[in-house]
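# Fold the following for me, if possible:
(one chain, ligands or ions: 1)
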Amino acid sequence: MQINIFLFHRINPLRDPLWDPIDPGQFEQQIKFIQKNYSIVQLESYLDQAKKVKSKKPLASIVFDDGYKDFMDHALPVLQRYRIPSSMYVVTNCADQMDLIWTYQLDFLFQNTKRRRIQIDSEERGCQKITWTTDEEKMIFAKALKPRLKKIKNTERENICDQIFKQLNDIEIPKNLYMDWDELREISREGVTIGSHTSSHAMLGNIDSEELIFSELKESADKIHQELGYFPKTISYPIGSYSPKVKKIAEQVGYKYGLAVNQEKFKSKKHDLFEIPRMELYNENILKTYLRTTNIWKTVSAMRS
Ligand SMILES: [Zn+2]
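Predicted coordinates:
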């Protein structure tokens, strides 16, 4: 049996040119589309079952990363209306309201800062001194920076981000973006399964230190255990970043499943339980969503580029 695991992040009517959430209306259309074409099952329950699920339609699961509070306002009501089970993978420092996910913080600061220049002390190419004269130039820089930061070692990425956060300090960072533990308990009672997305949204595949990988995986699991009363079965690797070392440590810590991000189906016999693929969906209409879910969109995009 195969299962298609659809990954969502933010569901929000706010538009964001650097990282666009899915509009709630669009999300409802996507959920209706998935429900019509697939049998939707709760991911962890499906993976736990030794026996096969009988279904005429292909199977699908709905999962969310990051734990943004807009899940409660815009996603959960739709999921409840259509009786759809789901899982949410949370960044425990964010649920503690101690931290923002660094990619979000970068996007927010670059979009709102009135500063015209930053200077970064780093060996990384193209990350030193940047001056921009127009907002357009600033956004071009911001768009190019994030993919570059995702490729470098975690320690250097933290160094660069810290310098940027200190210099773009003319902006008040939004508070209460993430569900806190009371809210996570509430959605858990509503049937949403909670798993870990690490303590700090670290890109685990870019970390050399085994101790640091261990603490990101173990401390987040222990925190969920302490707050929600169960040890999470699943680790969702932030930004889909993992390595053989990460998978081994995740298993040692006590997780049963590790979720990657790539556009494949999970084939239970072939796939490794610590690199289960997921397909991310975006703020796109049903035609594009259909093409993406059937993997045609990848081919169309490749032909166009
Ligand atoms: Zn994430």
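
# Any idea how many residues pack against Glu123?
Using other C-beta atoms under 10 Å, Glu123 is surrounded by 9 other residues. In short, each C-beta sits where N, CA and C put it, glycine included.

# Would you mark the buried spots in stretch 246-257?
Using 16 or more other C-beta atoms under 10 Å as the test for burial, stretch 246-257 gives 246-247, 249-251, 253, 255-257.

# And the contacts of it?
Outside stretch 246-257, the residues within contact range by C-beta atoms under 8 Å, 6 or more residues apart in numbering are 44, 47-48, 196, 204-205, 207, 210, 213-214, 217-218, 221, 231-235, 237, 258, 272-276.

# please redo it, this time with the cut-off set to 7 Å
Around stretch 246-257, the neighbours that count as contacts under C-beta atoms under 7 Å, 6 or more residues apart in numbering are 47, 204-205, 210, 213-214, 217-218, 221, 231-235, 237, 258, 273-276.

# what's near enough to touch the residue in the stretch 151-300 of the chain that the ion sits nearest to?
Closest contact between the stretch 151-300 of the chain and the ion, by C-beta to the ion, is at Pro238 (4.7 Å). Counting by C-beta under 7 Å, 6+ apart, Pro238 makes contact with 197-198, 201-203.

# Top of the residues you listed by number of neighbours, please.
His197 leads these on contacts (other C-beta under 10 Å) with 29 neighbours.

# correct me, but that one touches Tyr89?
Yes - contact criterion C-beta atoms under 7 Å: His197 and Tyr89 qualify, at 4.0 Å.

# Dump the buried residues of stretch 246-257 into a markdown table; add distance to Leu59, pLDDT and secondary structure as well.
Shown next, in a markdown table, are those (distance: C-beta to C-beta, whole Å; pLDDT from 0 to 100; DSSP: H, G, I helix; E, B strand; the rest coil):
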| residue | distance to Leu59 | pLDDT | secondary structure |
| --- | --- | --- | --- |
| Val246 | 27 | 97 | helix |
| Lys247 | 24 | 97 | helix |
| Ile249 | 29 | 98 | helix |
| Ala250 | 24 | 98 | helix |
| Glu251 | 25 | 98 | helix |
| Val253 | 28 | 98 | helix |
| Tyr255 | 22 | 98 | coil |
| Lys256 | 18 | 97 | coil |
| Tyr257 | 16 | 97 | strand |
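
# Roughly how far does Gly191 sit from Val78?
As judged by C-beta to C-beta, to the nearest Å, Gly191 and Val78 stand 14 Å apart.

# Excluding sequence neighbours, find me the nearest residue to the residue of the stretch 151-300 of the chain closest to the ion.
Excluding the flanking residues, the one nearest Pro238 by C-beta to C-beta, 6 or more residues apart in numbering is His201, at 4.6 Å.

# Where does pLDDT dip in the stretch 51-200 of the chain?
Along the stretch 51-200 of the chain, segments meeting pLDDT under 70 span 51, 125-129.

# Secondary structure of Leu76: a helix, I assume?
Yes - judged by DSSP: H, G, I helix; E, B strand; the rest coil, Leu76 forms part of a helix.

# Much appreciated, bye for now.
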